[in-house]
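Participant: Structure for the following, please:
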Amino acid sequence: MKKINLFTIIVALIVVLSACNQKSSSFSNNAEVSSEADSVALSVGYTLGGNLKKQFGDVNPELIAQGIIAAFNDEKNPLFEKDQEADMAIRAYLRKESERAAEENLKAGQKFLEENAKREGVTVTESGLQYEVIKEGEGEKPTAASTVEVHYHGTTIDGKVFDSSVERGETIEFPLNGVIKGWTEGLQLMSVGSKYKLFIPSDLAYGERGGAGGGIQPNSALIFEVELISIVE
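Facilitator: Purely as a prediction, here's the structure:
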């Protein structure tokens, strides 16, 4: 029996479940769950589908369903002789989608920052960093070599929270020379006790690689509300 690559099957299954979930009725309403194994299968599919749904764009769920059935029936892959070829096709598709998303994110970020720069109270630095003073402190300012204690709340330009010490309920300490460029520059503008809103272009954030475990897509502009609590050293 020819070994079916598990990655290929899981990816295909995720896309099918995601496509079904987008229809007017939930796929779970039609599923026949009669055992613990059935419950696990449905839960695994739903969880994986939720985690990876955004990785896929325009696909044909009927063809993918045919591929899944063929794999579980131990039939030959109708398109590829080797499992590695199927993996390569999937990876090529994901790479293309990632490049497309990165380009769209870059344009969206540039448009947002262009409009944001026109708002009263927003200052734009030479690097392109934008900031808005929420509260001005009276303490000293850190240098690039300083370690600082801050509270922060980070979102994408569409308001999605990807990281927040405020929501965790605890401040964080870090060296300014060990974070993204937008933070290194922005925090040096702040006195202890200040609270600023930083609008960071993608090239001063995580750039083409993205970050935060996939929570930040490539070429994303970011927004941070930052309060400088103290300069640790």
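Participant: ok, which stretches of this protein are helices?
Facilitator: Using DSSP state H, the helices assigned to the chain run over residues 6-21, 27-30, 36-52, 61-72, 83-116, 165-168, 181-188.
Participant: Thr155 contacts Leu222, doesn't it?
Facilitator: Yes - taking C-beta atoms under 8 Å as the definition, Thr155 is a contact partner of Leu222 at 7.4 Å. C-beta coordinates here come from the backbone N, C-alpha and C atoms, glycine included.
Participant: which residues sit in contact with Ser230?
Facilitator: Gly139, Val148, Glu149, Val192 (C-beta atoms under 8 Å, 6 or more residues apart in numbering).
Participant: Local confidence estimate at the second one?
Facilitator: This means Val148. We have a pLDDT of 97 for Val148.
Participant: So what sits opposite it in the bridge?
Facilitator: Applying DSSP bridges to Val148 gives these bridge partners: Phe174, Ile231.
Participant: Tally up the residues packed near it, please.
Facilitator: Per other C-beta atoms under 10 Å, the neighbour tally for Val148 reads 24.
Participant: Contacts only, for the nearest residue in space to Phe112 that is not next to it in sequence.
Facilitator: Of all residues not flanking Phe112 in the chain, Ile157 sits nearest, at 4.6 Å (C-beta to C-beta, 6 or more residues apart in numbering). By C-beta under 8 Å, 6+ apart, Ile157 lies in contact with Ala108, Gly109, Phe112, Ser220, Ala221, Leu222, Ile223.
Participant: Report the buried members of these.
Facilitator: Buried members of the contacts of Ile157, counted by 16 or more other C-beta atoms under 10 Å: Ala108, Gly109, Phe112, Ser220, Ala221, Leu222, Ile223.
Participant: Quick check: chain neighbours aside, which residue is closest to the spatially most central residue of the chain?
Facilitator: Centrality entry for the chain: nearest residue to the mean C-alpha point is Gly215, 2.4 Å, by C-alpha atoms, centre = their mean. In space, and not counting its chain neighbours, Gly215 is closest to Phe162: 3.8 Å by C-beta to C-beta, 6+ apart.
Participant: Hmm, Tyr152 and that neighbour touching each other?
Facilitator: No - the pair Phe162 / Tyr152 is not scored as a contact, 11.2 Å apart, by C-beta under 8 Å.
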